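> Model the structure of this input:
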Amino acid sequence: MKRLIAAAALTIFTAGAALAADTLTFEAKNGNVAFDHAKHKQVVGDCKSCHEKGPGKIEGFGKDWAHKSCKGCHEQKKAGPTKCGECHKK
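Residues are numbered from 1 along each chain as shown. From the prediction side, this is the model:
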């Protein structure tokens, strides 16, 4: 029983830490991409714009998803980086 409680507490702690991350860095072939999660939460407001199934990892996230969704949103809102070197830092 003690192990179950410890495991549950550890899971809750690590999930909270992951959700609280302000800046995430993704390794990419053309240079790493730093993503300011806190700023996007403030500007976008609606988590479901990116997280269709709720908080946590984005299903299908990868190069194609990011270029379509992230870059597409930036182009639509006329805000944020849209050129390769503006996101990908070597």
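
> residues of stretch 81-90 that come out buried?
Within stretch 81-90, the residues that count as buried by 16 or more other CB atoms under 10 Å are C87, H88. Every residue, glycine included, has its C-beta placed from N, CA and C.

> So what touches it?
With contacts defined as CB atoms under 8 Å, 6 or more residues apart in numbering, stretch 81-90 is touched by A28, N30, G31, N32, V33, A34, C70, K71, H74, E75.

> Okay, buried residues for whatever helix or strand the fifth one lives in please.
V33 is part of strand 32-36 when elements are defined by DSSP states H and E. Counting neighbours by 16+ other CB under 10 Å, one finds that the buried residues in strand 32-36 are V33.

> Pairing partners for that strand, with directions?
strand 23-26 (antiparallel), strand 88-89 (antiparallel) (DSSP bridges).

> Now distance to T82 too, for these, in a markdown table please.
Below are the strands paired with strand 32-36 laid out as a markdown table (distance: least, CB to CB, whole Å):
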| stretch | distance to T82 |
| --- | --- |
| strand 23-26 | 17 |
| strand 88-89 | 12 |
